[in-house]
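Q: sequence unknown, structure follows:
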């Protein structure tokens, strides 16, 4: 049966790190031949032999990379996911590897006598270590846990070291962890006593290994640290099923990276946990891809509640599946948790597969029966789930622990949606043990002997009698238990515990620890779902068509930092993507919305485009989080009748839309409430007046010139300076004609004598630039505010000629330059730049370049590149793009020259980064050929920026093609 093609997301999930994924996208299009032989996908890429066993998956490549999979294998999988495989005949390397993969492996038989001797020696050492651990645990409680808070982690490290010497690494790690939170944070004593109690229970179980049920004995041995050989596990019974990969959790403690992968059998209903580990800097195995399923055999490690497993054999390739089988309500999940804890009281977490659950605004998941469970810290605001499902019922895979549910993934309309990374959360741990136990343990049984025979666990009274049979567990006669405890599971748990407990407690300390173990396990196993939580109201249905899948996937790459160039290019690529998407029309997939809204929170310039592609789901999501409500500023217009009662954001959205279609009513609405508005609102309203600006708006703008707030006055001045025929321009022109007169081709200049109130009202600043006198500054500001058509009689070059050499030439030139910038007059700007001989201040001179036509700016930049002018890079950065052909060719020529001759690569890198975003993407082929040519003759460090340029151009070309 042919292997179903993977999605690009499944292939990307195998990447060992972001850099490998970026490099893989660059080589995905460079395969000269590809094909499929059985489950083996193979390809030839620039001389490298690449193959992937999809049934593993397993990988093979002839490149020297130590990463698994390498960029060539990832590129092959991406190529297959996007374009399928070719029909070329399988080369020899692929068929040989296929044969080797199918050949059974042989192993030499170990020496049984030597193995038995080693096992007995280790058992003796472990027994001594566990006896010492028992005494140490009793001492902690006898002396009082308050002393542990003062002693720090040293006593725990010392005991852990002795357990390592005794070859009990599992117990050693448990003890070492205790030193990390003893005396740290709230509820530390509760957590410490609980962990000590479970360790004491482990010690008691080890003392009776011979009389325990074999499965429970295997659990005790595993917790202590006795290894189970992989071959022994694989030699055990196999469970054949269609195994669905639910999700993964990765942790990194600095010394080791571990990954927990949860699977679920479609037919058997069994959960399985596959663990993988890697040293720092090394990639984890990527053979299990969340959201896929395979037919195969699993072998489980022995234990009272076997969950950990190994994949013994794959009988099919991994393929996507629509939704997991066997999901159930919350009560069924908790029942499975109680049974698991009854069999293995040391268990802290377990998988759950919940059906038809919805999130609440308070950090819970609620099922169709109204039962609810809290989400774990870091996951209590599941924006990823709200965005993807719109608060509709979905299937969720999660880990349950006493801290709450940790989601792994969800399935929305048959689509796999992985959970988002946990967010920082300051939630405190809740106490789990009865106060009387904590009080006794803190003080110490040596000072205050503990002889209690019962402890209360919520509404339950749990009897503890170390010397006799397990007493019953009775519920409080005062009434039924509240939500959060279920009196059903604890009796089964209490019956299980004596199987691994002592026949008689060794004094008060041991009795207290056993009581704590019983109380802790009963409380955890007796959790009952909460009630009364109301799920979030569903999102409204979308009315716009979605954008193409490929385009949406590319947006996710940009937002996730997967675009070429990293952070240097992310914002500009996002800007270009949004512009093309808005021009095409359509909305993004809901799952992308949290990242999109977060990007808009950080960058206000992108918000208009984001609002256009967010759809109704985006507005619904933004309304539930304060720092995303900027999206509502771009909301659909409200009715004019609602102006007086609408929010500022709603009115601003209405005003912006109305100014573009009918500016007269828009202005009348603003005038109707102008006096009652705050200065922030008045300034924001004026900022929306750009579209449709006319002389009919002048009375309101003149009124705003007298506003007490500077922000409102500046917003009004900016509009009036761009309004042809405005009274402001006429007033400034009258002042300019009085100050500057042309008589017989000679200038007569009489600058304003002082900054009066009227001049200040019209925007003339009171503080001159350093080095400029008061009179010169007033003249410069008056000329800057004067419409350029005031200077009739001569063309711009003529005015510059008559001003040259004049005593007041400097303020005149600067005034004309500033007026050209404000009024966007390219003629004046071109003339001023051509005539400038170093007179203009640098800031003013560069502002003039912003007014130049793009073709003129491109010619200046190309000329600067060819003459090696130091201003070339800045000129390139000012060009709005895309660059014309002449400039693009000049840039590629300069790139090649710098790659061949420059001693330092920073200039080359800067030039390539600028070109990647502004050069037309059609130049991707030329840039790629240049990189290939340079690869043969220059140092790789000089080729790298050019190759990055080619990748960026390819990325932009594909991006635009996807949105056509």
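A: Structure received. Quantities reported herein were computed from a predicted structural model and do not represent experimental measurements.
Q: how close does the residue located most distally from the centre of the chain sit to residue 802?
A: Distance from the C-alpha centroid of the chain, by C-alpha atoms, centre = their mean, peaks at residue 744 (70.2 Å). Separation of residue 744 from residue 802 (C-beta to C-beta, to the nearest Å) stands at 10 Å. (C-beta placed from N, C-alpha, C; glycine too.)
Q: check residue 567 too.
A: Distance of residue 567 to residue 802, given as C-beta to C-beta: 51 Å.
Q: neighbour count winner among these two?
A: Neighbour count, other C-beta atoms under 10 Å: between residue 567 and residue 802, residue 802 has more, with 15 against 8.
Q: is the closest residue to that one other than its chain neighbours bridged to anything, and to what?
A: Leaving aside its chain neighbours, residue 802 sits nearest to residue 747 (5.4 Å; criterion: C-beta to C-beta, 6 or more residues apart in numbering). Going by DSSP bridges, residue 747 is paired in beta bridges with residue 742.
Q: looks like residue 432 contacts residue 190 (just checking).
A: Yes: with contact defined as C-beta atoms under 8 Å, residue 432 and residue 190 form a contacting pair (6.0 Å).
Q: neighbour count for those two, which is higher?
A: residue 190 (22 against 19).
Q: ok, now how distant is the spatially closest residue to the more buried one that is not a sequence neighbour from residue 425?
A: Distances taken as C-beta to C-beta, 6+ apart place residue 431 nearest to residue 190, at 4.5 Å, with adjacent residues excluded. For residue 431, the distance to residue 425 equals 18 Å [C-beta to C-beta].
Q: tell me how many other residues surround residue 335.
A: Around residue 335 there are 15 residues (other C-beta under 10 Å).
Q: I misspoke; the intended subject was residue 253.
A: Neighbours of residue 253 using other C-beta under 10 Å come to 8.
Q: repeat for the one 10 residues further on
A: By the other C-beta under 10 Å criterion, the neighbourhood of residue 263 contains 24 residues.
Q: repeat for residue 940
A: 9.
Q: what about it, distance to residue 793?
A: Taken as C-beta to C-beta, the span from residue 940 to residue 793 is 63 Å.
Q: repeat that for residue 948.
A: Residue 948 sits 54 Å away from residue 793, taking C-beta to C-beta as the criterion.
Q: of those two, who's got more company?
A: residue 948 (23 against 7).
Q: please identify the buried residues of the host helix or strand of the more buried one?
A: Assigned by DSSP states H and E, residue 948 belongs to helix 940-962. Residues of helix 940-962 classed as buried: 942-959, 962 (neighbour count, 16 or more other C-beta atoms under 10 Å).
Q: who touches it?
A: Helix 940-962 is contacted from outside by 22, 25-26, 29, 548, 550-551, 554, 563-565, 569, 573, 576-577, 580, 895, 899-900, 902, 905, 908-909, 911-913, 915-917, 919, 921-924, 927-928, 930-931, 934-935, using C-beta atoms under 8 Å, 6 or more residues apart in numbering.
Q: quick one: mean pLDDT for the lengthiest helix in the chain?
A: Counting residues, the longest helix found in the chain (DSSP state H) is helix 112-143. Average pLDDT, helix 112-143: 89.
Q: now stretch 948-964
A: 93.
Q: could you do stretch 247-255 as well?
A: Confidence over stretch 247-255 (mean pLDDT, whole number) is 83.
Q: may I see the buried residues of it?
A: Buried residues in stretch 247-255 (16+ other C-beta under 10 Å): 247, 248.
Q: list of residues touching that stretch?
A: Outside stretch 247-255, the residues that touch it by C-beta under 8 Å, 6+ apart are 257-262, 280, 284, 288, 290, 397, 399, 406, 408-409, 418-419.
Q: might you calculate how far that stretch sits from the centre of the chain?
A: Relative to the centre of its chain, stretch 247-255 is centred 16 Å away, using C-alpha atoms, centre = their mean, to the nearest Å.
Q: now do stretch 675-689
A: 36 Å.
Q: and that stretch, what's buried?
A: 677, 681, 682, 683, 684, 685, 686, 688, 689.
Q: who's in contact with the helix or strand where the fifth one lies?
A: Just to be clear, that refers to residue 684. Counting by DSSP H and E, the element that carries residue 684 is helix 679-687. Here helix 679-687 makes contact (C-beta under 8 Å, 6+ apart) with 648, 651-652, 655, 670, 674, 677, 701, 704, 707-709, 711-712, 715-716, 719.
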